[in-house]
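> Prediction below, plus the sequence it came from.
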Amino acid sequence: MRLQFRGEIFYWRGPSPFHFVRVPREESEELRALSSLVSYGWGVIPVRAQIGRSSWSTSLVPKDGGYLVPIKASIRDAEGLSDDDEVALALTVGEPAERTVL
């Protein structure tokens, strides 16, 4: 399954601070329907994510009935992104773990 959407980068200051983009409701519902087939535990879903020319393997984090996409510092740096920037994201569910920044 491949999903494409736009979202805003935000910084979460929780116990494990990190930057995320929230997956929109419609796409979250599609992911939830597949979660039992692809999740490896705790409801997380492995994906291959892409912003611009950068792609990386990560896991979607379930939060408040939806999902969050973690955005690594190396990706933000490579793409010149910061908090509150809106980005176009592509997700491929269940892709192998390998990181590539072009």
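On my side now, so go ahead. Model, not experiment: these values are computed from the prediction. Numbers count the residues shown, from 1 in each chain.
> buried set for the strand or helix carrying G7?
Assessed by DSSP states H and E, G7 sits inside strand 2-12. Buried residues in strand 2-12, counted by 16 or more other C-beta atoms under 10 Å: L3, F5, G7, I9. Where you see a C-beta, it was placed from the backbone N, CA and C, and this is true even at glycine.
> Quick check: the residue most central in space within the chain vs L91, distance?
When C-alpha atoms, centre = their mean is applied to the chain, the residue found nearest the centroid is V69 (2.3 Å). Per C-beta to C-beta, to the nearest Å, V69 is found 7 Å from L91.
> Quick check: neighbours shared by those two?
Common contact partners of V69 and L91 (C-beta atoms under 8 Å, 6 or more residues apart in numbering): V23, V47, A49, L60.
> what's the closest of the residues you listed to I75?
Ranked by distance to I75 (C-beta to C-beta), these are led by A49 at 8.1 Å.
> all helices in this protein, in order from the N-terminus.
If DSSP state H is used as the criterion, the helices of the chain fall at 25-38, 73-79.
> rewinding a little: inside strands: which ones of the shared contacts of V69 and L91?
V47, A49, L60 (DSSP state E).
> can you list the residues you listed in TSV and add distance to D84 and neighbour count?
Putting those into TSV (distance: C-beta to C-beta, whole Å; neighbours: other C-beta atoms under 10 Å) gives the following:
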residue	distance to D84	neighbour count
V47	23	26
A49	19	23
L60	21	25
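> which one of these sits closest to D85?
Minimum distance to D85 across these is 15.3 Å, recorded for A49 (C-beta to C-beta).
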